[in-house]
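**Student:** Quick one: sequence plus predicted model below, questions after.
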Amino acid sequence: MQTKTSETSNDDPQNAEFAARVEANQRTLTSALRQRYDFIVCGSGSSGSVVARRLAENPAVSVLLLEAGGTDAVPEVQDAARWSENLGSDRDWAFRTRPNPHLNGRALVWSMGKVLGGSSSINVMVWARGHRTDWDYFARESGDDRWSYRSVLEIYRRIEDWRGAPDPKRRGAGGLVVVEQSAPHPLATALCEGASSLGVPCFSDQNGVMMEMAGGAARCNIRIRDGKRLSVFRSYLYPYMDRPNLTVLTHALVTRIKMKGARVTGIEAIYDGASRSFDVEHELILSLGAVHTPKILMQSGIGDAQDLRKFGIDVVQHLPGVGQNLQEHLLVDGCVWEYAERPHDYGAVRGTFFCRSDAALDTPDVQAFVIDGVSHSPDTGASDATGSYWSIRPGIVRPHAKGRIHLTGPDPMDPVDIETNLLSDPADLKAALRAIELSRDLGNSAAFSSLTKREMSPGRLRRSEMENFVRDRIIPFWHFTCTAKMGRDEMSVVDGSLKVHGIEGLRIADGSIMPRVTTGNTMAPCVIIGERAAAMIREAHAI
């Protein structure tokens, strides 16, 4: 159980007494690092923080967590409204993708958190559970009913502290994860009215029954309280950092998995400017995300044998699916309207809607956000932030196109080559065009008329012009996943227990294990992945 002091620190991350105790404890632990730990977790993001916390709950278990980034105790992270200031900073990996001919030759900037909390420390904090069909698909692919929607719903109910309208069947209270609704706003009211006029029902909760239906509109679920970010790290791991069995090592770049035959023995990392090696007694857990998890696997000899041999890497386990199946949601920037009168409360996500681009689909494939203001995306050019605008950002959350993570060399410092293939499948372009059409119908509906002076962009365009608009305005959703997928076919990397096929003592717990990307923002599903991984590990080792 969580101690009273830890609960207080979780409720108030600025508690000076607890912060001092954490600092003193971690200074002691990191100044006398052990050679061997019971469990080593690589990455402190939305899955890694969960795994490390759940393992460290047993005081007899020693846990080492390695994070390449530094502290999250900076205003740009703690103040949720300043999230965009982290992009391009030293708290952002800021990957550059391969130029894409389907995006008119553009390369994209893929942001991912390089800081305690990972991307939950730099994102906009929308809590989207994923659709019922996502989780049931996971269960079918893995052959394990513990991934089904019915099973996962129980985890959500247990971990959440829902601050919205009661829904005992689907929402929980008193858990570690505080979830609130975005504040009421005229844009959110207009969203529900306008969506209803287009046949998209309005719901009181984005994550309740709406995620069991063909679509819906609602105010967003968010992980923000009193303007402060509630990162997964702060909710899960930070309250346990005053304990002697949990060592959190920052600025520690994981470089290679150590193995004896097909058995993992430890990890190598660059820490404090030097190469360090740590041994693991029971299991190593990779939670480095959909880019770095496959990179570390491949550079450790786990991947497609032919590709590894090209770089002189000794093959430990031939797994051709490592780095394959890369999926990312598509987001279209540039559906903008001018306010009739700019509101006082300005500059936030106000609501979201899910719908189907084709009535024949069994699950929503479109997600759009209604937002105060306009984008400052480096991928599409800065927009005028001084004007009085609101926008709709339509996205495709059931993409057909798949990309790949490629190595460029055997050295840990060699960059990866990210081949996104966004829009390479004609079905995605068709869905994006339909998403813009739906967004324009919504934004120009009677529900928004009192708020709007005029539509700024894209306006009515010919088909060829609209296709070009889409290719020019696609930006990342930063939901890249699926590069070490769970399953039973030859392209799978992990099984239903998240164990890497053919390797002993190694599991993966992050968004890379998804067989397909979930419907909506991916932070919440990554927490579930962490919870499920931790439960399986604890059961396997009776801890």
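**Tutor:** Received it, and whenever you're ready, just let me know what you need. Numbering: from 1, shown residues only.

**Student:** Quick check: buried residues in the host helix or strand of residue 257?
**Tutor:** Using DSSP states H and E, the secondary-structure element containing residue 257 is strand 252-260. The neighbour-count criterion (16 or more other CB atoms under 10 Å) identifies 252, 253, 254, 255, 256, 257, 258, 259 as the buried residues of strand 252-260. For glycine as for every other residue, the C-beta is placed from the backbone atoms N, C-alpha and C.

**Student:** got a list of what the last one touches?
**Tutor:** Which is residue 259. Residues counted as contacts of residue 259 (CB atoms under 8 Å, 6 or more residues apart in numbering) are 265, 300, 301, 316, 503.

**Student:** of all those residues, which two lie farthest apart?
**Tutor:** Taking every pair in the contacts of residue 259 and measuring CB to CB, the maximum separation is 13.4 Å, between 265 and 301.

**Student:** how distant is the helix or strand harbouring residue 435 from the center of its chain?
**Tutor:** When elements are assigned from DSSP H and E, residue 435 belongs to helix 426-443. In terms of CA atoms, centre = their mean, to the nearest Å, the gap separating the centre of helix 426-443 from the centre of its chain is 24 Å.

**Student:** Moving C-terminal from that helix, which element do we reach first?
**Tutor:** Going C-terminal from helix 426-443, and assigning secondary structure by DSSP H and E, you next hit strand 452-457.

**Student:** Which residues does the helix or strand that that following strand is followed by contact?
**Tutor:** Following strand 452-457 in sequence order, the next helix or strand is helix 463-473 (DSSP H and E). Helix 463-473 is touched from outside by 102-104, 106, 332-334, 380, 423, 429, 432-433, 436, 458, 461, with contacts defined as CB under 8 Å, 6+ apart.

**Student:** Looking at residue 349 now. What's its pLDDT?
**Tutor:** For residue 349, the model assigns a pLDDT of 86.

**Student:** what do you get for residue 373?
**Tutor:** At residue 373, the predicted lDDT confidence score is 82.

**Student:** surely it meets residue 391?
**Tutor:** Yes. Under the criterion of CB atoms under 8 Å, residue 373 lies in contact with residue 391, with a separation of 7.0 Å.

**Student:** Could you check which of those two has the larger neighbour count?
**Tutor:** Looking at residue 373 and residue 391 with other CB atoms under 10 Å, you find the greater number of neighbours at residue 391, namely 23 against 19.

**Student:** tell me the secondary structure for the more buried one?
**Tutor:** strand (DSSP: H, G, I helix; E, B strand; the rest coil).

**Student:** Without its sequence neighbours, what residue ends up closest to it?
**Tutor:** Closest residue to residue 391 apart from its sequence neighbours, by CB to CB, 6 or more residues apart in numbering: residue 336 at 4.6 Å.

**Student:** Work out for me the element the one you found sits within.
**Tutor:** Under the assignment given by DSSP H and E, the secondary-structure element containing residue 336 is strand 335-339.

**Student:** Which stretches in the stretch 51-200 of the chain count as helices?
**Tutor:** 75-78, 132-142, 149-159, 186-197 (DSSP state H, counting those that start in this stretch).

**Student:** List of residues touching the longest one?
**Tutor:** Looking back up the chat, that one is helix 186-197. The contact list for helix 186-197, computed with CB under 8 Å, 6+ apart, reads 182, 201-202, 216-219, 343, 350-351, 353, 370, 372, 390, 442-443, 445-448, 451.

**Student:** After it, which helix or strand is next?
**Tutor:** Once the chain leaves helix 186-197, the next helix or strand it forms, by DSSP H and E, is strand 216-218.

**Student:** Show me what that next one is in contact with.
**Tutor:** By CB under 8 Å, 6+ apart, the residues outside strand 216-218 that reach it are 191-192, 195-196, 200-206, 210, 351-354.

**Student:** That one - what's its average pLDDT?
**Tutor:** The predicted confidence, averaged over strand 216-218, sits at 97.

**Student:** Going forward, the N-terminal residue is numbered 57.
**Tutor:** Yep, numbering from 57; the last one is strand 272-274 now.

**Student:** Distance from the chain centre to that strand, please.
**Tutor:** How far strand 272-274 lies from its chain's middle: 21 Å, per CA atoms, centre = their mean.

**Student:** and the helix or strand following that strand, how far out from the chain's middle?
**Tutor:** Counting by DSSP H and E, the element after strand 272-274 in chain order, helix or strand, is strand 277-278. In terms of CA atoms, centre = their mean, the gap separating the centre of strand 277-278 from the centre of its chain is 14 Å.

**Student:** who are the neighbours of strand 277-278, in terms of helices and strands?
**Tutor:** In terms of contacts (3 or more CB pairs under 8 Å, 6 or more residues apart in numbering; DSSP states H and E), strand 277-278 is packed against strand 233-237.
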